[in-house]
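A.B. asks: Return atomic coordinates for the entry below.
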Amino acid sequence: MDQSPVSLNQTSREALNHSLKLAQIGESLGYTRYWLTEHHDLQHLASSTPEVLLGYIGGHTETIRIGAGAILLPHYRPYKVAEIFNTLATLFPNRIDLGIGRAPGGSAEATNALSTNYLQKVFALPELLEELLNFLDGSFPDGHEFKSLSALPKPEKSATPWLLGTSEKSAKLAAKNGLPYTFGYFMSDNKGTEIIQTYKDNFVKRYENQEPEVILTVSVVCAETNKQAEEMALSSLIWSIQKEKLEDENGVPSIEAAKQYELTDKEKEKFENMKQQMIIGDQKTVKTQLKALEKEYECDEIMINTVTYSPDDKFNSYCLIAEVLL
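C.D. replies: Have a look, this model is predicted:
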């Protein structure tokens, strides 16, 4: 999972091109899928339009699945989302994932600029989701106002929809609609094992021979040594603190700048809590901890999110993980 972060002294164009390179590296290493996030009015996250970037990245890769993680559905009309992802699925057959989320993805001002009555649309997410799935499948019932309406072009195989979330409510919504579910371990304080079990217990098949499917999204930094990994992760952790204080105008800080950043006692506690949600270490440490998470959460896949100051450190982290797990 890639947020296209912009580092200190880096341009947004460079960040977006590093996203392309990451997808290409992931493909060469044998990773299954590459997803882009959606964020708005966050100065140093360059992925505001994943649907546009997917066209760019899809044209420069060949086999890796690519997708949005996620399209924030309350901002949009389902018909337009279906048209966009049917176009992508037509261009890149059997490679497109459509992750669906409900978060605002940015500031209150951005939310107001994107959509009216956002909160009402959040509450209406089950209906919006059902409408989107019906457009993708062409499965509106007889008598529905959109029965004769097609989301074109029509691909041979539609994008695979996933529901993203961190709550029992999102798990139940995914289960009710027979959708695969992505749990954001890296951004949740909730007991994920119970939420995932709720999803599996309530799963209703949408298609014949379908089974529940779970991806666990984890923040990981891997390096040749534990010490190197700790230093690399420091940039991401300090940046998270800075974002909460609206002090992130310079982007992901360098390791040296992160070391010099002074934390209050309260921030130190926050820092340690965030660190506990990450997996940081050398190949052996990362492999052991990821395997433990896989066993504990009984997930089908683990999706990795890595933020470092240096793009090369990020690329190397994915390479090291692939060496021991792929």
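A.B. asks: quick one, helices of the stretch 201-326 of the chain?
C.D. replies: Using DSSP state H, counting those that start in this stretch, the helices found in the stretch 201-326 of the chain span residues 226-244, 255-260, 265-276, 283-297, 311-325.
A.B. asks: I'd like to know which elements the third one is packed against.
C.D. replies: Helices and strands in packing contact with helix 265-276 are listed as helix 226-244; criterion 3 or more C-beta pairs under 8 Å, 6 or more residues apart in numbering; DSSP states H and E. From N, CA and C alone the C-beta is placed, and that goes for glycine too.
A.B. asks: List the buried residues for the helix it packs on?
C.D. replies: For helix 226-244, burial by neighbour count (16 or more other C-beta atoms under 10 Å) applies to 228-229, 231-242.
A.B. asks: Just the pLDDT for the residue nearest in space to the middle of the chain.
C.D. replies: With distances taken as C-alpha atoms, centre = their mean, Gly69 lies nearest the centre of the chain, 3.6 Å away. The model reports Gly69 with a pLDDT of 97.
A.B. asks: After the helix or strand where it lies, which helix or strand is next? Please name it.
C.D. replies: Secondary structure assignment for Gly69, by DSSP states H and E: strand 65-72. Toward the C-terminal end, the helix or strand that comes next after strand 65-72 (DSSP H and E) is helix 78-91.
A.B. asks: Tell me which other helices or strands that next one touches.
C.D. replies: helix 50-58, strand 96-101, helix 125-137.
A.B. asks: Comparing those, which comes out most buried?
C.D. replies: strand 96-101 (a mean of 26; mean count of other C-beta atoms under 10 Å).
A.B. asks: what angle separates that strand from strand 65-72?
C.D. replies: Interaxial angle of strand 96-101 relative to strand 65-72 (axes from the mean of the first three to the mean of the last three C-alpha atoms, to 10 degrees): 20 degrees.
A.B. asks: Contacts only, for the residue nearest to Asn190 when sequence neighbours are not counted.
C.D. replies: In this structure, Asn190 finds its nearest non-sequential neighbour in Thr166, 5.7 Å apart by C-beta to C-beta, 6 or more residues apart in numbering. Contacts here follow C-beta atoms under 8 Å, 6 or more residues apart in numbering; on that basis Thr166 touches Phe183, Gly184, Met187, Ser188, Asn190, Gly192, Ile195.
A.B. asks: do Val286 as well
C.D. replies: Counting by C-beta under 8 Å, 6+ apart, Val286 makes contact with Val220, Cys222, Ala229, Ile279, Ile280, Leu320, Ile321, Val324.
A.B. asks: repeat for Pro5
C.D. replies: Ala15, His44, Leu45, Ala46, Trp239, Gly251, Val252, Val307.
A.B. asks: what about Val6, how many residues close to it?
C.D. replies: The number of residues packed near Val6 is 23, by other C-beta atoms under 10 Å.
A.B. asks: Renumber starting at 10 from here on
C.D. replies: Sure, I'll start numbering at 10, so the last one becomes Val15.
A.B. asks: next one: phi and psi at it?
C.D. replies: Torsion angles at Val15 (phi, psi; degrees, to the nearest 10) stand at phi -100, psi 120.
A.B. asks: if I read this right, it contacts Leu54, doesn't it?
C.D. replies: Yes: counting by C-beta atoms under 8 Å, Val15 touches Leu54, with 7.2 Å between them.
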